[in-house]
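1. Turn this into a model:
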Amino acid sequence: MVEKYNVRTDLALEERERFESDNIEVKGVELEESYDEEKEIRISKVIIRTEKGAKTMGKPVGTYLTLEAPNMVNPDEGYHREISVEISAFLKGLIDEHLPCHKEHNVLIIGLGNREVTPDALGPYVVDNLNITRHIIREYGKYASGTEHPSLVSAIVPGVMAQTGMETVEIVRGIVEETHPDLVIAVDALAARNSRRLNRTIQIADTGIRPGSGVGNHRHGLTRESVGVPVIAIGVPTVVDAVTIVNDTMENLVQAMESSKALKGVGNVLKSYSDAEKYELISELISPHLNGMFVTPKDIDEMVKQTSYMISEALNMLFQNVQEACIQK
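-> Here you go, the predicted structure:
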């Protein structure tokens, strides 16, 4: 049954959780968790160390950082600033692992997605708010940026294949060959397994990204192997599979049945199913025309704008300060 249990999610944490719920130990995969009660932010780090673990998880070997903040959807600028600081710190740690600290970084930021489809517009919106510096420094010198050791930041919104007729990796590879960045950061909207994680979760990974994988549109990946430089991915889940909505409804139904004398027996039967078995049952029963449907919150417009601004602020803070931190070492 586990082999069939193919939940559409881009979050490594959710992949790890589904094995945990079925009491299956995944060798070669580690999970570290922490919780900040004051900020109400949960930090999870999934580290896939072996190829066997990667095959089981369906994700490449690497580090996956997940920040969960239920209050992220609230219009609180101070709280959003705190999250931006956390994101910036995570990115700094990953960059230090993959890049030397003795030179000014040349960074290319890719805003993946379709600007015309709001749940998929996260990447383009992030790029809209970035502090782009490459052209200024190349034209006027590093002191034009106001810092002693500025990073060269460039960005591109490559669109989707339906708009360009090209794979994103083809566009990015051409830009990398021409501009020679030290690092690529790709920002994209993701799909989640748990509807409570929509727009409340940010995943940062040093393994690159495969655009559209969460919704079944498998495109060639943006990885170190495909573009020639390290690729860090930043993603926020904005959609869930329709099957997930039905599954969450079933969980609520089971809980309601437990308090009903007439239906308690049925509830106990459903409760005895594992997550994999329940998901497989729903997939078989759900109407065929709903099986490929994805759902997004009604206030997705405002949520995507808020989240994209948090991520762009984190990137702006990071590349304004990263070289100063390197010099202080």
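2. When you work out contacts or count neighbours from here on, use the C-alpha atoms and nothing else.
-> Fine.
3. May I ask you to name the longest helix in this protein?
-> Criterion DSSP state H: the longest helix present in the chain is helix 300-328.
4. May I see the buried residues of that helix?
-> By neighbour count on 16 or more other Cα atoms under 10 Å, the buried set for helix 300-328 is 300, 303-304, 306-323.
5. Now do the helices in the stretch 151-300 of the chain.
-> 161-164, 168-179, 224-227, 242-258, 264-271, 275-285, 300-328 (DSSP state H, counting those that start in this stretch).
6. And the ones you listed, which one averages the lowest pLDDT?
-> The minimum mean pLDDT among those belongs to helix 264-271 (a mean of 62).
7. Just give the number of residues close to the residue found closest to D301 once you drop the neighbours it is linked to in the chain.
-> Residue nearest to D301 in three dimensions, not counting chain neighbours: T118, with 6.2 Å by Cα to Cα, 6 or more residues apart in numbering. Neighbourhood size, T118 [other Cα atoms under 10 Å]: 19.
8. so how far is I110 from T118?
-> Going from T118 to I110 by Cα to Cα, to the nearest Å gives 17 Å.
9. likewise A191?
-> A191 is 18 Å from I110, by Cα to Cα.
10. Show the low-confidence segments of this structure, by residue range.
-> 1-8, 19-24, 100-103, 142-149, 211-219, 251-292, 321-329 (pLDDT under 70).
11. just to revisit the earlier point, A191 and I110: who's more crowded?
-> Between A191 and I110, A191 has the larger neighbour count (other Cα under 10 Å), namely 28 against 25.
12. V240 is in contact with the more buried one, correct?
-> Yes - counting by Cα atoms under 8 Å, V240 is a contact partner of A191 at 5.5 Å.
13. which residues are common contacts for the two?
-> Taking Cα atoms under 8 Å, 6 or more residues apart in numbering as the contact rule, A191 and V240 both touch T9.
14. contacting residues around stretch 156-166?
-> 108-115, 123-124, 127, 167-168, 171-172.
15. Looking at the residues you listed, state which has the most neighbours.
-> Of the contacts of stretch 156-166, with other Cα under 10 Å as the count, G123 tops at 30 neighbours.
16. just to confirm, which helix or strand has it in it?
-> When secondary structure is defined by DSSP states H and E, G123 falls within helix 122-128.
17. Next one: R18 from T9, what distance?
-> Applying Cα to Cα, the value for R18 to T9 is 11 Å.
18. Now do stretch 60-72: distance from first to last residue.
-> End to end - Cα to Cα - stretch 60-72 spans 28 Å.
19. What is the neighbour count of V26?
-> 16.
20. wait, isn't G123 in contact with I185?
-> No - using Cα under 8 Å, G123 makes no contact with I185, being 10.5 Å away.
21. any common contacting residues for those two?
-> Here G123 and I185 have I110 as joint contacts, going by Cα under 8 Å, 6+ apart.
22. what's next to the host helix or strand of V85, contact-wise?
-> Assigned by DSSP H and E, V85 belongs to helix 77-98. Contact with helix 77-98 is made by 39, 65, 72, 204, 206, 230, 310-311, 313-315, 317-318, 322, as judged by Cα under 8 Å, 6+ apart.
23. which two from those residues end up farthest apart in space?
-> Largest separation among those by Cα to Cα: K39 and P230, giving 31.2 Å.
24. how near is the residue nearest to D301 to E40?
-> 27 Å.
25. Same check on G28?
-> Distance of G28 to E40, given as Cα to Cα: 30 Å.
26. same check, this time on A155
-> 32 Å.
27. For P60, which three-state class applies?
-> P60 falls in the coil class when you classify it by DSSP: H, G, I helix; E, B strand; the rest coil.
28. could we number from 40 for the rest of this?
-> With 40 as the first residue, the last one maps to P99.
29. burial count for it?
-> 18.
30. Likewise for A93?
-> By other Cα under 10 Å, the residues close to A93 number 19.
31. That one: which element?
-> Element membership for A93, per DSSP H and E: helix 90-96.
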